[in-house]
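> make a model of this:
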Amino acid sequence: MERSEILKDLAAVFRWTAKLNMHEGIANHFSVCVPNSNEDFYINGTGSHFSSIKASDLVLVEQKNIEEIKKNPSLVDPTAINIHSAIHKKASHAKCILHIHSKYATALSSLKDPTLPPIDQNTMRFYNRIAVLSNFGGLGFEEESKKMANCIGNNKVMLLANHGILTVGQTIADAFDELYYFEKACETYITALSTQKELKIVNHEIAEKTAQEWENYSTDMGNLHLKAIRSILDKEDPSYKN
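Residues are numbered from 1 along each chain as shown. Take a look at the predicted model:
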């Protein structure tokens, strides 16, 4: 994919995340690697609201200039630089990284036991497939960022205790599909807990079977999801592509 289309994809995901109210205004951050690189990446700049980000707003962070960028917090949030740089370098499958403090995933991250039990198809998608950084150590500066990079392993989803959620993928479409469905899974679980009724938890065999079925169902679902989102944005407000 051409670099220009990659940037449009990421801008579309920013816009859609805002539409879903999964954002925190100008906080949180998404990044995507430059093609054929695991160290150079594009990321949202400081002060950019998710609902108005355009492809041209994304800031290129290269290893040759990363130290200079770190000295300029008005350009890119220092925590964003640390978190994304550390994970991109450590996890080869993290070509795209999406980090937010969405309502339901963050609620799950605040529980003493942040396990997401298999109670429906969406929660089963993530069965035994979530990395959990269990010890919150403050904002995502260098030490905390290294902990995140070391924790994620080969997983696509990492729950950050007392903090929020982070998903990764080989593509923007894959990372966003994980993010979207994880938030939906958390919403179902938190809503079920609020009834104070006993949960009907599926057994290990069925939960694992369903998770594998999710993985094998269609490798193109993420692409189709993002394509549909861009189609809607193209009609409503195509400025994200500028």
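
> surely residue 132 is in contact with residue 162?
No. Using CB atoms under 8 Å, residue 132 is not in contact with residue 162, being 11.3 Å away. The way it works is simple: take the backbone N, C-alpha and C, and place the C-beta from them, glycine included.

> of the two, which one has the most company?
Taking residue 132 and residue 162 together and counting by other CB atoms under 10 Å, residue 132 has the greater number of neighbours (17 against 14).

> a helix runs through that one, doesn't it?
No. Per DSSP: H, G, I helix; E, B strand; the rest coil, residue 132 lies outside any helix segment and is strand.

> identify the bridge partners of it.
For residue 132, the beta-bridge partners under DSSP bridges are residue 159.

> let me see the contact set for it.
Residue 132 makes contacts with 114, 151, 158, 159, 161, as judged by CB atoms under 8 Å, 6 or more residues apart in numbering.

> next, count neighbours for residue 8.
If you count neighbours by other CB under 10 Å, residue 8 ends up with 23.

> number the residues from 462 up from this point.
Right, with 462 as the first residue, what we last looked at is residue 469.

> surely it is in contact with residue 702?
Yes. When contacts are counted by CB under 8 Å, residue 469 is listed as touching residue 702 (4.8 Å).

> show me the contacts for the residue nearest the centre of the chain.
When the chain is reduced to its mean C-alpha position, the nearest residue by CA atoms, centre = their mean turns out to be residue 559, at 2.7 Å. If you count contacts by CB under 8 Å, 6+ apart, residue 559 has them with 474, 491, 627, 628, 629, 636, 637, 640.

> quick check: residue 651 vs residue 664, distance?
Taking CB to CB, to the nearest Å as the measure, residue 651 and residue 664 are separated by 22 Å.

> compare those two and say which is more crowded by neighbours.
More neighbours surround residue 651 than the other of residue 651 and residue 664, with 15 against 9 (other CB under 10 Å).

> just to revisit the earlier point, which neighbours do residue 469 and residue 702 share?
Here residue 469 and residue 702 have residue 516 as joint contacts, going by CB under 8 Å, 6+ apart.

> contact partners for residue 468?
493, 503, 516, 517, 519.

> who touches the helix or strand hosting the first one?
Okay, so that is residue 493. Per DSSP states H and E: residue 493 is located in strand 490-494. With CB under 8 Å, 6+ apart as the contact definition, strand 490-494 has outside contacts at 467-468, 470-471, 474-475, 478, 500-505, 522, 538, 540-541, 544-545, 549, 556-560, 633.

> these in helices, which ones?
Among the contacts of strand 490-494, the residues falling in helices (DSSP state H) are 467-468, 470-471, 474-475, 478, 540-541, 544-545, 549, 633.

> tell me which of those residues is nearest to residue 564?
Checking the ones in helices among the contacts of strand 490-494 against residue 564 by CB to CB gives residue 478 as the nearest, at 12.1 Å.

> what is the burial count for residue 649?
Residue 649 - counted by other CB under 10 Å - has 17 other residues nearby.

> that one: what's its closest spatial neighbour, skipping adjacent residues?
residue 581 (5.4 Å; CB to CB, 6 or more residues apart in numbering).
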